[in-house]
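Enquirer: I would like to see how this sequence folds:
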Amino acid sequence: MLAVIVAAAPSAAPKTFSRDVWPILKTRCVNCHQAGEIAPMAFTSYKQTRPWAAAIREAVLSRKMPPWHAAPNAAHAFRNDRSLSNAEIQTIAAWAESGAPEGDPLPAYTPPPRQQGWVLGSPDKVVGIPGFPVPKTGPLPYSFLIVPLHFEHDTWVRAAEFRIEHRAVIHHINAFIRSPGSSFLAGFPIGPIFVPTVAERGKTREGERLFDRRQLLLGYEPGYFPMPWLEDGAKLIPAGSDLVFEMHYNPNGTEVTDHSELALYFAKAPPAERVVAIDTLRDLDLQIPPRDRDYHSKATMTLARPARLLSIQPHMHFRGKSMAIRAIYPDGTQSELLNVPKYDFLWQTTYVLKQPLELPAGTVLESVAGYDNSPDNPFNPDPNDTVKWGDQTFNEMHIAFLELVIEAKGDPDSLFQSQPKMIGTQTSGKH
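Expert: Next comes the predicted model:
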């Protein structure tokens, strides 16, 4: 008689921190979850991570973390996509559900070296904010600082990086390039921080071109992470230009003095392509009725010449809930560029395309933003207010910031089929 012994197939080995979970955390999470970064806890060792295992499981299953708000299965891939794959999510969930075992101990994590504390390395020039006093309570108006750069020649900047001292109190900091002869804040002092009116900020000279007046170099908002713009692309700072910081602080109950800095990284040679930032795909005249839970605002712009799309950053305030941006091509076909169905004011990601997208002349760029002004929005400052465009977070905004790529000697003002509107309806009644 032939005896046949059938061995049961061994069950899959339980997931461990060292073998299965740590490679995911190291790639996707520790940029923020380490000492000195924005996250409130570090995940750079098993001892640090183990107490948070259940919370990490819930965060990844709900896709709350890592913060990435673009809809899955997008038509275009993004270079800075932080989202986890389904396999990665299941690995972390299985590890937590099995008791979160460590596995073989790992050597201590050593973060990549940073030159002088900068993510992008040692900068060519650093421009600092000379101490902005943030009181315990607010709100605070937009404040400005003009800093001469003293560049004797046109200068190509391949990258820039903000180093923020007090992230918890900053709504945003924008760094603008102001060319010689610009009307932008003309007549205001150089050196001290000052507060102009909305009308003074929007003042222009008749016939002045948009990029001759100012151009955005770099912006910081919650969720910001530095990266170079393009392999052979850079932003241009004309000779004799000033740097203008636009600063908006949100007091949080603790009095601090902010000394944030901006680093510039120069291109070694003139690039083949020029990167330009566009902040004119916006609806300055939005008006959200009281208690409206599903208000929509639409903004469009038409390209007068070809360009390539490099990045998109949706920007709204606390009533913002969604934004979708699409391209409508001259032949009538359409392409969804970005869909953010669950916008989060606390994570204002810039979505950088893995491959810049060709946009032919005549392309219409359209942005549709959704807002919830109802009492069911837990972040709503006042559901009984009629909400218009304004600086403060109890007002609203609708901007789809874009970065477009043109040839290095191209004229960025030729991108627009018509001159963009600069000032819209007055803000809501609260100031």
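
Enquirer: quick one, what contacts residue 320?
Expert: With contacts defined as Cβ atoms under 8 Å, 6 or more residues apart in numbering, residue 320 is in contact with 314, 343, 345, 369-371, 396, 398. Bear in mind the C-beta positions are built from the backbone N, C-alpha and C, glycine included.

Enquirer: Which residue in these has the weakest pLDDT?
Expert: The lowest pLDDT within those belongs to residue 345, with 90.

Enquirer: mind listing what the residue nearest to that one when sequence neighbours are not counted touches?
Expert: Once flanking residues are discounted, residue 345 sits nearest to residue 318: 5.6 Å by Cβ to Cβ, 6 or more residues apart in numbering. Applying Cβ under 8 Å, 6+ apart to residue 318 gives the contacts 345, 377, 379-381, 393-394.

Enquirer: Kindly recompute the last result at 10 Å.
Expert: Applying Cβ atoms under 10 Å, 6 or more residues apart in numbering to residue 318 gives the contacts 345-346, 371-373, 377-381, 387, 393-396.

Enquirer: Quick one: buried ones out of those residues?
Expert: Using 16 or more other Cβ atoms under 10 Å as the burial test, these include 345, 371-373, 377, 380-381, 387, 393-396 as buried.

Enquirer: on that earlier part again, just name the closest of the contacts of residue 318 to residue 298, please.
Expert: residue 371 (12.1 Å; Cβ to Cβ).

Enquirer: Now do the same contact list for that closest one.
Expert: Shown in contact with residue 371 (Cβ under 10 Å, 6+ apart): 286, 288-289, 292-297, 316-323, 343, 377, 380, 387, 396, 398.

Enquirer: Among those residues, which lie within strands?
Expert: Using DSSP state E, 288, 295-297, 320-323, 387 are the members of the contacts of residue 371 that sit in strands.

Enquirer: Neighbour-wise, which one of those leads?
Expert: Among the ones in strands among the contacts of residue 371, residue 387 has the most neighbours (other Cβ atoms under 10 Å), with 28 neighbours.

Enquirer: which residue sits closest to that one in space, ignoring its chain neighbours?
Expert: Spatial nearest neighbour of residue 387, excluding adjacent residues (Cβ to Cβ, 6+ apart): residue 288 at 4.0 Å.

Enquirer: any idea how far residue 162 is from the one you found?
Expert: 31 Å (Cβ to Cβ, to the nearest Å).

Enquirer: Ok, residue 404 next?
Expert: The gap separating residue 404 from residue 162 is 21 Å, by Cβ to Cβ.

Enquirer: coming back round to it: out of the contacts of residue 318, flag the one nearest to residue 28.
Expert: Lowest distance from residue 28 to these (Cβ to Cβ) belongs to residue 346, with 18.5 Å.

Enquirer: could you list every residue that touches the closest one?
Expert: By Cβ under 10 Å, 6+ apart, residue 346 lies in contact with 67, 221-223, 318, 379.

Enquirer: domain ranges for the protein?
Expert: Residue ranges for each domain of the chain read 17-97, 125-202+209-271, 278-415, as given by automatic domain parsing.

Enquirer: want to throw the ones you listed into CSV with distance to residue 107?
Expert: Shown next, in CSV, are those (distance: least, Cβ to Cβ, whole Å):
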stretch, distance to residue 107
domain 17-97, 10
domain 125-202+209-271, 26
domain 278-415, 32
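
Enquirer: Could you work out which of those reaches nearest to residue 111?
Expert: Among those, the nearest to residue 111 by Cβ to Cβ is domain 17-97 (6.0 Å).

Enquirer: tell me the mean pLDDT over that closest one?
Expert: pLDDT averaged over domain 17-97 gives 93.

Enquirer: how far does that domain sit from the chain's center?
Expert: In terms of Cα atoms, centre = their mean, to the nearest Å, the centre of domain 17-97 is found 19 Å from the chain centre.

Enquirer: next one: stretch 100-119
Expert: Relative to the centre of its chain, stretch 100-119 is centred 26 Å away, using Cα atoms, centre = their mean.

Enquirer: Offset the numbering so it begins at 2, please.
Expert: Shifting the count to begin at 2 puts that one at stretch 101-120.

Enquirer: How about the contacts made by residue 251?
Expert: Taking Cβ under 10 Å, 6+ apart, we find residue 251 in contact with 135, 139-141, 169-173, 393-394.
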